[in-house]
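Visitor: take a look and give me a structure for this.
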Amino acid sequence: MEFSWSTFLLEVINFLVLVWILKRFLFKPVMAVISQRQADIDEQLAQSQRLNDESAALKGEYENRLANWKEQCQLAREELNKEIDAERASRLELLAQSMEQEKEKAEVAESRQRMEAIREREQQALQQSARFAKTLLSKASGPELESRLLNILLDDLTSLSHDNAASLLLQWGVLPEVIEISSAYPIAQNKRQELEKALAAVSQLSIPVRYDEDPELIAGLFITIGAWCLRANIRDDLKGFTEFAYVTR
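Guide: Sure thing, here's the model as predicted:
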């Protein structure tokens, strides 16, 4: 087979045409695609780097915020513990004060109950003593004792000061129509006259006097002039003694 220059030249020309065609229609688009792909890759890498940087910054900010939050939580916890301790101390103090007040109230109530019990026993003793004295005086009293009480009353009325007599005039209330005199025993006529004279001088009244007998008086008199009462008898003296002794204790 002999070498043909014409064929060789045609092959060379065909190769060159093929290379031009490849460079023109294949290499340039491929290189353009590769360049675009490289640019896209570089942009994605740059964006990924920016994202990594932003993520690192956010992570640092998050860690700082987390540290601050933990610090604030610790401070808030300490403050809350202080408030709880203060509130507990305050409530314990209030409880102690309340318990002390309740204790004082209980002691006062107990003391009052003891005093009431003592007073009740004393009152019972006074009442028993008064009943005993009433029984004894009922047996021992008589017209003679009442006569002595009447004489004492007459002496008191005749020796009454002007000021005391004037103050009695304000105690009648409605102007009485009668003077009522009760006695344990009948009063002799002469003693009635003395008594009426003394009462008229003291009361400055000229009104009738009505007499009646009340054995419950034991001995003595009970005189009523309107709203004013004069108790000069054993019964009222014993009752007054019992009430006075009870009140003054």
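
Visitor: got the contact list for the residue nearest to the spatial centre of the chain?
Guide: Nearest to the mean C-alpha position of the chain, counting by CA atoms, centre = their mean, stands Ser98 at 10.5 Å. By CB atoms under 8 Å, 6 or more residues apart in numbering, no residues touch Ser98. Every residue, glycine included, has its C-beta placed from N, CA and C.

Visitor: the one helix or strand it maps to: what's the following helix or strand?
Guide: Assigned by DSSP states H and E, Ser98 belongs to helix 28-140. Next along the chain after helix 28-140, taking DSSP H and E as the criterion, comes helix 143-158.

Visitor: show me how the protein divides into domains.
Guide: In terms of domains, the chain is parsed into 1-140, 142-245 (source: the TED database).

Visitor: ok, now how distant is the residue nearest to the centre of the chain from Leu195?
Guide: 66 Å (CB to CB, to the nearest Å).

Visitor: picking up where we left off before, just name the most buried of the domains of the chain.
Guide: Highest mean neighbour count of the domains of the chain: domain 142-245, a mean of 15 (counted as mean count of other CB atoms under 10 Å).

Visitor: what pLDDT does the residue nearest to the centre of the chain get?
Guide: Looking at Ser98, its pLDDT stands at 82.

Visitor: roughly how far does it sit from Ile223?
Guide: Taken as CB to CB, the span from Ser98 to Ile223 is 59 Å.

Visitor: and Arg24, by the same measure?
Guide: 160 Å.

Visitor: just Lys70 next, same as before
Guide: In terms of CB to CB, Lys70 sits 98 Å off from Ile223.

Visitor: got it, and Glu79?
Guide: From Glu79 to Ile223 the distance is 85 Å (CB to CB).

Visitor: likewise for Glu146?
Guide: Going from Glu146 to Ile223 by CB to CB gives 14 Å.

Visitor: and for Trp5?
Guide: On the measure of CB to CB, Trp5 and Ile223 end up 185 Å apart.

Visitor: output the below-cut-off pLDDT ranges for the protein.
Guide: Residues of the chain that meet the criterion pLDDT under 70 lie in 1-3, 26-27, 30, 118, 121-142, 165-166, 168-173, 240-249.

Visitor: any idea which helix or strand carries the nearest residue to Ser183 once chain neighbours are set aside?
Guide: The spatially closest residue to Ser183, leaving aside those adjacent along the chain, is Leu221, at 5.0 Å (CB to CB, 6 or more residues apart in numbering). Assessed by DSSP H and E, Leu221 sits inside strand 220-225.

Visitor: each with direction, which strands does that strand pair with?
Guide: The strands that strand 220-225 pairs with in its sheet are strand 179-183 (antiparallel), strand 228-233 (antiparallel) (by DSSP bridges).
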